[in-house]
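1. Predicted model, plus sequence, below.
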Amino acid sequence: MVTLQDVADRAGVSRATASQALTGKGRISQATRQRVHEAAAALDYSVNLIARGLRTARSGAVGFCVPDQTLSFRYYMDVAFGAVERAQESGMLVTLLPPAFSGPGIIEQLDGYLMIDPADGDPLVQRLLAGRKPVVSGENPPPDDPEPWSIVFGDHEAGMRLLLDHVWEHGSRRPAVMLPDPVMAWGREMAAGYSAWCAEKGVERRQLLGWFDATMDDVRRELDALFARPDHPDAVIAAPEGIAIVAMEAIRGAGLVPGQDVLVASYVESDALSVTQPTVTALDLHPREMGRRCMDELIRALDGGEPGRRVEVPIDLIVRESTSRR
């Protein structure tokens with residue numbers, strides 16, 4: 001059996017340095033870390049999670065939970081990939097926790113948990129936060145639940161204002177928004193940003209709700225009714241993911257031209273938005289970075305770090321044809 005000492009000898013480093021390089025710990029140069037990983041790969045070495053767990057009193061696995069009905073969205077898959085990539089660097093496993101999971105004892109055997117977009121009243125979220133293991137929340141947790149160990153978040157009030165200011169600069173004076181489920185913090189924060197912006201600009205609020213469990217037919221009916229009005233919106237900012245494409249079809253169905261008569265922007269970037277006609281302006285919420293930073297915080301918790309940190313993930317505007325009026 002190949003041992004950690006074999007890897008250290010091949011890489012020309014100490015056993016402690018090899019261990020730190022493989023687990024993502026320590027202040028080690030990238031060149032040394034890379035050399036250790038190459039030595040491990042050449043020797044076909046893998047971390048013995050069972051042995052490490054016996055030494056550290058850990059299982060070597062953490063739980064990952066997202067709201068029900070969201071795994072079909074690219075954003076959440078990218079968050080998961082980012083978290084798994086970071087966990088792999090530290091030799092940890094990630095297990096997906098089903099939203100309705102209620103099995104006794106099994107969850108408590110994990111070392112800690114990531115919860116992404118925790119929803120108000122979610123019994124799994126409440127169970128994790130009431131437990132003794134560290135919990136890192138991706139986005140702000142429900143206000144009445146116990147505080148998590150740390151929070152990784154995007155500033156969604158600022159993100160909404162970024163899009164609204166952009167369409168305003170391109171001539172929109174009647175922007176409408178389709179917002180995500182208000183039982184999640186980012187939905188509430190987007191709504192707060194929109195309301196405050198409308199009050200500052202003195203424009204009428206035109207707000208629809210884009211529930212995660214709504215069908216595309218439901219969304220289309222709401223949008224059709226909106227664009228049938230004589231004073232229809234001259235811009236639409238759409239969330240959750242995928243709603244912007246439905247909005248463009250509703251605009252065309254009303255005899256209008258998306259990107260000219262009505263500006264369109266998506267609050268969440270996705271692959272399809274860069275190839276539609278017109279291409280759609282969107283926000284990059286950096287989901288992989290969200291996942292990595294959440295896992296960073298959980299690893300820090302397991303290594304004995306201090307709780308209470310808030311870590312912000314940037315939000316960037318991607319400008320495309322749908323807001324250019326070309």
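-> Yep, that arrived. Numbering: from 1, shown residues only.
2. in this protein, which residue is closest to the centre?
-> residue 287 (4.4 Å; CA atoms, centre = their mean).
3. just checking, next helix/strand downstream of the helix or strand where residue 222 lies?
-> Residue 222 is part of helix 216-227 when elements are defined by DSSP states H and E. Counting by DSSP H and E, the next helix or strand C-terminal to helix 216-227 is strand 235-238.
4. Helices of the stretch 151-300 of the chain, residue ranges please.
-> Along the stretch 151-300 of the chain, counting by DSSP state H, counting those that start in this stretch, helices occupy 156-169, 185-201, 216-227, 243-253, 287-302.
5. Can you tell me which of those is most buried?
-> helix 287-302 (a mean of 23; mean count of other CB atoms under 10 Å). Glycine gets a C-beta too; all of them are placed from N, C-alpha and C.
6. who does that helix touch, helix- and strand-wise?
-> The criterion is 3 or more CB pairs under 8 Å, 6 or more residues apart in numbering; DSSP states H and E, and the helices and strands that helix 287-302 contacts are helix 74-89, strand 113-116, strand 135-138, strand 150-153, strand 309-312.
7. Am I right that residue 18 is in contact with residue 37?
-> No - here residue 18 does not reach residue 37: they are 9.8 Å apart, not a contact under CB atoms under 8 Å.
8. Output stretch 136-155 as PDB, restricted to C-alpha atoms.
-> Extracted as PDB, the C-alpha positions of stretch 136-155 are listed here (Å, rounded to 0.1, in the frame of the first residue of the first chain):
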ATOM      1  CA  VAL A 136     -22.400  27.600   6.900                       C
ATOM      2  CA  SER A 137     -25.300  29.400   5.200                       C
ATOM      3  CA  GLY A 138     -25.000  30.400   1.500                       C
ATOM      4  CA  GLU A 139     -27.200  33.600   1.600                       C
ATOM      5  CA  ASN A 140     -28.700  35.000   4.800                       C
ATOM      6  CA  PRO A 141     -30.700  32.500   6.900                       C
ATOM      7  CA  PRO A 142     -34.300  32.900   8.000                       C
ATOM      8  CA  PRO A 143     -34.500  35.700  10.600                       C
ATOM      9  CA  ASP A 144     -36.200  33.700  13.300                       C
ATOM     10  CA  ASP A 145     -33.800  30.700  13.200                       C
ATOM     11  CA  PRO A 146     -30.600  30.300  15.200                       C
ATOM     12  CA  GLU A 147     -27.500  32.000  13.700                       C
ATOM     13  CA  PRO A 148     -25.300  29.700  11.500                       C
ATOM     14  CA  TRP A 149     -21.500  29.400  12.200                       C
ATOM     15  CA  SER A 150     -20.900  31.800   9.300                       C
ATOM     16  CA  ILE A 151     -22.700  33.300   6.300                       C
ATOM     17  CA  VAL A 152     -21.600  33.700   2.700                       C
ATOM     18  CA  PHE A 153     -23.800  36.000   0.700                       C
ATOM     19  CA  GLY A 154     -24.300  38.200  -2.300                       C
ATOM     20  CA  ASP A 155     -25.600  41.800  -2.000                       C
END
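9. Going by the annotation, which residue ranges form each domain of this structure?
-> 4-46, 57-154+287-313, 156-284 (automatic domain parsing).
10. Would you mind saying which of those lies nearest residue 319?
-> domain 156-284 (5.4 Å; CB to CB).
11. What mean pLDDT does that closest one get?
-> The pLDDT scores in domain 156-284 average 93.
12. Return the distance of that domain from the chain's centre.
-> Taking CA atoms, centre = their mean, to the nearest Å, the mean C-alpha location of domain 156-284 is offset from the chain mean by 20 Å.
13. same check, this time on stretch 288-295
-> 8 Å.
14. just the CA coordinates of it, formatted as PDB?
-> Provided in PDB are the C-alpha atoms of stretch 288-295 (Å, rounded to 0.1, in the frame of the first residue of the first chain):
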ATOM      1  CA  ARG A 288     -18.900  28.300  -8.100                       C
ATOM      2  CA  GLU A 289     -17.200  30.900  -6.000                       C
ATOM      3  CA  MET A 290     -20.200  30.900  -3.700                       C
ATOM      4  CA  GLY A 291     -19.800  27.100  -3.300                       C
ATOM      5  CA  ARG A 292     -16.000  27.300  -2.700                       C
ATOM      6  CA  ARG A 293     -16.300  30.100  -0.200                       C
ATOM      7  CA  CYS A 294     -19.000  28.300   1.700                       C
ATOM      8  CA  MET A 295     -16.800  25.200   1.900                       C
END
